[in-house]
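Student: pasted the sequence and its predicted model underneath.
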Amino acid sequence: MALSAFPCPRPRSLFPCLHSHPCRSIPLISPSLHATRTVLSHVAAHPATSPLVWAAATAPRSVERSDPSIEENGALFKVLEEQGLGKGAGQKLEGKRNGSMGRERSVHDYMELAPQFITSDGGPPRWFCPLDCGPPPKDAPVLLFLPGMDGTGLGMILHHTVLGKLFEVCCLHIPVQDRTSFEGLARIVEAMLHEIDSNMNLKPIYIVGDSLGGALALTVAARNPTMDLVLILSNPATCFDRSQLQPLLPLLHMLPNELYHTMPYLLSFTIGNPILMAMVNVQTNLSPLKQVQQLSDNLVALLPTLPRLSNVIPKEALLWKLKLLHSAAAYTNSRLHAVKAEVLLLVSGKDQVLPSTEEAKRLRSSLRNCRVRYFKDNGHTLLLERMTNLATVIKSTGLYRRFMKRDCVEDFIPPTPQEFDATEHNLRFLEQWISPIFFSTVNNGKIVKGLTGVPREGPLLFVGNHMLLGLESGLIVKEFFKQRKQLVHGAAHPFLFTNSFEGNMVEPLGIPDLLRLFGAVPVSGKNLFKLLANNKCVLLYPGGEREGLHRKDEEYKLFWPNQPEFVRMAARFNATIVPFSAVGEDEILEVCFDYDDFKINPIINKLLKQGDGTIPRIRSEADGEAYNQFLRIPIIAPKLPGRLYVLFGRPYLTTGRRHELQNKERAYELYWEIKREIEVGISYLQEKRKQDPCRDLLSRLVYEFPWGNNVPVPTFDP
């Protein structure tokens, strides 16, 4: 059996039996899909100038085709040359990066490459692997991309590089002259899924479906309920019968061919947001004037390429795709009840093609395991517009896993510097408002500014007082990542990771997403064990929700349990315990309505108790005030803010003390000593902040006015 393959440095662990080619040829299909003829003349003529390789396979022979004139065994093996990349482009493409998309690709690349994908070879739909995804990491799951109406398979071109660091990426291409029915397309995808499943046991298979591809992904999931699938659907076309364009579709049949070339200009402002498309690679760290100039240049480059869309989707192909959409919506909606896969809906708030917002609500209630991320300013072509990076969305929603069940420690992928830059604005206002200042204690007991006294080598266990709503938590994690590129994993209440906390229409990178993206885990002994065993840094609050949701006038009171388990756990892995004290909440927030107020109000208390069964409880088996309390988030009011102070105390080494600290009395001694250290630190900061010349907001604003808010604001001398 002949094999379709192309020479490139991307190893394909999916098909190990096909790695005998001396040039490390890479098969793009599974062995059981029948082989195709290949055309390699372009490769011979341009061996080192082809950054994007397009190739692949025919459909299985069992697939029925609605157009018998299409040759069953025809396929094209083609290499596309991108303009201006010069020598060595056939090697792994690094590409410059920016703060939002992860690679300097733009919609202009799509417009340039898409017309080259429409050359008709008489072949059926086939799969290709983008070379700019690079070599996949070890144990990477497979991600399949199912395209929208264009059928090119280039709809994820802005995300190839970053997705290639997490997955083995494979895209479906549907030739422009192909007339495969919707059920035929479903069988093609199913054939690929079965081949992957047979070669990659116990691993999930990810499917990204765009518009028509979203309906196709749901259909395949419904027809294969026992398969471990994860679906990421961008504005799925399951609501095409309610499309805003329905009144205009009959006019398309009457449109003269001579006028069809005007359609791209008319539809470009409907299908997608051209401003957001042009903003894809606008660098966010530039001055506003330079950003406007770069946006203007991108728009000038983008608009002349729009007429090429009429070649990507000719009139006859468009009419066929519209029929395909009708059958896709009807077929998929009749089988939604059978979908058992995890589903993440990416929904645009300004979709002028489909009523995606209303459809997302319907699908969320119809599917068993479905969540939504809402992009309020984007249009229909979400994946080709400026948005949160698709890889970031997958990571921050907790969907990324390598095997059957997600392990929040083993499957965690650290945030990239680009992701940190893209999310930093979430805390920027809080930082400017409360101007946090950090101190640490060096070996001789002296207190200094900054993190100098905090050990760099892990494992580290940070324990401290829990301010209201964890006000200081995100700022601590950010400071370590910013100053040291050191990630601190927070141990948070399990409720923060549930769908109940997320709500229905959630914008990306909210609190739950940021927690997952930066490595927070549900607090439990098992997760603490795994983190310390993997030499990680952990942020733990022994006072838990009782401290974090404290009552009035309890700002700096510690509610620690009578259980020194974190001391024993630290000693087991020779971890260093670093106590810290945080002060400033009393000058930033005020509790107006607390747990006691909820409890004495019979109406409110009854309503809250109805939801208690859905909220996971921690330490429910223990006794005492710190335990027998249900989750009640107090009503708070902001104050004209003071300042936040955090002091990291003297580190406590547990190296070589494992057997000693297994003794309960010795463990308790260290436990209470650490608690006293935190209380002493709180008292120290409360007294020293009286000497801070910029303690109040007005003083800080006066100082920052001539210097700007990027200049460190002075504080007291420790």
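Tutor: Perfect, I can see it now. Numbers count the residues shown, from 1 in each chain.

Student: relative to residue 670, how far out is the closest residue to residue 654 other than its chain neighbours?
Tutor: What sits nearest to residue 654 in space, not counting adjacent residues and going by CB to CB, 6 or more residues apart in numbering, is residue 571, at 4.2 Å. The way it works is simple: take the backbone N, C-alpha and C, and place the C-beta from them, glycine included. Counting by CB to CB, to the nearest Å, the gap from residue 571 to residue 670 is 9 Å.

Student: higher neighbour count, the two?
Tutor: Neighbour count, other CB atoms under 10 Å: between residue 571 and residue 670, residue 571 has more, with 23 against 20.

Student: can you list contacts of stretch 372-382?
Tutor: For stretch 372-382, the surrounding residues in contact (CB atoms under 8 Å, 6 or more residues apart in numbering) are 148, 155, 210-211, 234-235, 270-273, 276-277, 344-354, 356-357, 360, 364, 385-388, 393, 397, 504-508.

Student: and if you look at stretch 514-524?
Tutor: 392, 395-398, 408-409, 412, 414-415, 419, 423, 426, 474, 477, 481, 487-494, 496-497, 509, 527, 531, 536, 540, 544, 618.

Student: buried among these? Make that a ChimeraX selection.
Tutor: Command for ChimeraX, covering only those of those found buried under the criterion 16 or more other CB atoms under 10 Å:
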select :392,395,396,397,398,408,409,412,415,419,423,474,477,481,487,488,489,490,491,492,493,494,496,497,509,527,531,536,540,544,618
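
Student: among the contacts of stretch 514-524, which ones are in strands?
Tutor: Among the contacts of stretch 514-524, the residues falling in strands (DSSP state E) are 488, 489, 490, 491, 492, 540.

Student: elements contacting the top helix by length along the chain?
Tutor: If you go by DSSP state H, the chain has its longest helix at helix 664-688. Here helix 664-688 touches strand 460-464, helix 565-572, strand 576-583, strand 645-648, strand 652-653, helix 658-661, going by 3 or more CB pairs under 8 Å, 6 or more residues apart in numbering; DSSP states H and E.

Student: let's go with 7 Å and repeat that
Tutor: If contacts are counted by 3 or more CB pairs under 7 Å, 6 or more residues apart in numbering; DSSP states H and E, helix 664-688 sits against helix 565-572, strand 576-583, strand 645-648, helix 658-661.

Student: list the contacts of the closest residue to residue 118 other than its chain neighbours.
Tutor: Computed as CB to CB, 6+ apart, the closest residue to residue 118 that is not its neighbour in sequence is residue 176, at 4.4 Å. Applying CB atoms under 7 Å, 6 or more residues apart in numbering, we find residue 176 in contact with 118, 120, 151, 314, 317.

Student: how much space between residue 176 and residue 322?
Tutor: Residue 176 is 14 Å from residue 322, where distance means CB to CB.

Student: same question, residue 590
Tutor: According to CB to CB, residue 590 stands 58 Å off from residue 322.

Student: one more: residue 247?
Tutor: Going from residue 247 to residue 322 by CB to CB gives 13 Å.

Student: more neighbours, the two?
Tutor: Shown here are residue 247 and residue 322; by other CB under 10 Å, residue 322 has more neighbours (16 against 8).

Student: and the helices and strands packed on helix 664-688 as CSV, adding distance to residue 633 and mean pLDDT?
Tutor: CSV is the format used below for the helices and strands packed on helix 664-688 (distance: least, CB to CB, whole Å; pLDDT from 0 to 100):
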stretch, distance to residue 633, mean pLDDT
helix 565-572, 25, 94
strand 576-583, 19, 97
strand 645-648, 23, 97
helix 658-661, 36, 91
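
Student: circling back: need the contact list for the residue nearest to residue 654.
Tutor: Residues in contact with residue 571 (CB under 7 Å, 6+ apart) are 654, 657, 658, 661.

Student: residue 399 too?
Tutor: 230, 342, 344.

Student: and residue 710, what element?
Tutor: According to DSSP states H and E, residue 710 maps onto no helix or strand at all.

Student: so it versus residue 506, what's the distance?
Tutor: According to CB to CB, residue 710 and residue 506 sit 31 Å apart.

Student: residue 682 too?
Tutor: Applying CB to CB to residue 682 and residue 506 gives a distance of 36 Å.

Student: likewise residue 204?
Tutor: Applying CB to CB, one obtains 22 Å for the distance of residue 204 from residue 506.

Student: between these two, point out the one with more neighbours.
Tutor: Neighbours were tallied for residue 204 and for residue 506 using other CB under 10 Å; the higher tally belongs to residue 204 (24 against 19).

Student: shouldn't that one be in contact with residue 142?
Tutor: No. Because the distance of 8.7 Å does not satisfy CB atoms under 7 Å, residue 204 is recorded as not touching residue 142.

Student: sec struct for residue 440, please.
Tutor: Three-state call for residue 440 (DSSP: H, G, I helix; E, B strand; the rest coil): strand.

Student: check residue 631 too.
Tutor: Per three-state DSSP, the local secondary structure of residue 631 is coil.

Student: so where is the chain shaky, pLDDT-wise?
Tutor: 1-104, 119-121, 248-249, 251-313, 608, 610-629, 708-709 (pLDDT under 70).

Student: out of the contacts of residue 399, which sit inside strands?
Tutor: 230, 342, 344.

Student: residue 648 is in contact with residue 452, isn't it?
Tutor: No. Between residue 648 and residue 452 there is no contact under CB under 7 Å: 9.7 Å.

Student: of the two, which one has the most company?
Tutor: For residue 648 versus residue 452, neighbours defined as other CB under 10 Å are more numerous around residue 648 (24 against 12).

Student: next, the contact list for residue 542, please.
Tutor: Residue 542 is in contact with 463, 560, 561, 566, counting by CB under 7 Å, 6+ apart.

Student: max pairwise distance over the residues you listed: which two?
Tutor: Spanning the widest gap among these are 463 and 561, at 12.3 Å by CB to CB.

Student: higher neighbour count, the two?
Tutor: residue 463 (25 against 17).

Student: wait, doesn't the more buried one sit right on residue 539?
Tutor: No. With contact defined as CB under 7 Å, residue 463 does not count as touching residue 539 (8.3 Å).

Student: what about the helices in the stretch 251-400 of the chain?
Tutor: Along the stretch 251-400 of the chain, counting by DSSP state H, counting those that start in this stretch, helices occupy 263-271, 274-278, 288-302, 309-312, 315-333, 356-366, 390-396.

Student: ugh, wrong one, the stretch 51-200 of the chain
Tutor: 107-113, 160-163, 182-199.

Student: tell me the buried residues in the last one?
Tutor: Meaning helix 182-199. By neighbour count with 16+ other CB under 10 Å, helix 182-199 contains the buried residues 182-193, 195-197, 199.

Student: the helix or strand immediately after that helix in the chain packs against which elements?
Tutor: Sequence order places strand 205-210 as the next helix or strand after helix 182-199, per DSSP H and E. When contacts are defined as 3+ CB pairs under 7 Å, 6+ apart, strand 205-210 sits against strand 142-146, helix 182-199, helix 212-223, strand 229-234.

Student: only alpha carbons, please: show strand 205-210 as CSV.
Tutor: This file holds the C-alpha atoms of strand 205-210, laid out as CSV (Å, rounded to 0.1, in the frame of the first residue of the first chain):
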residue,chain,number,x,y,z
ILE,A,205,-9.5,13.2,21.3
TYR,A,206,-10.2,16.9,21.0
ILE,A,207,-12.4,18.3,18.2
VAL,A,208,-12.5,22.0,17.4
GLY,A,209,-15.6,22.7,15.2
ASP,A,210,-16.2,26.1,13.5
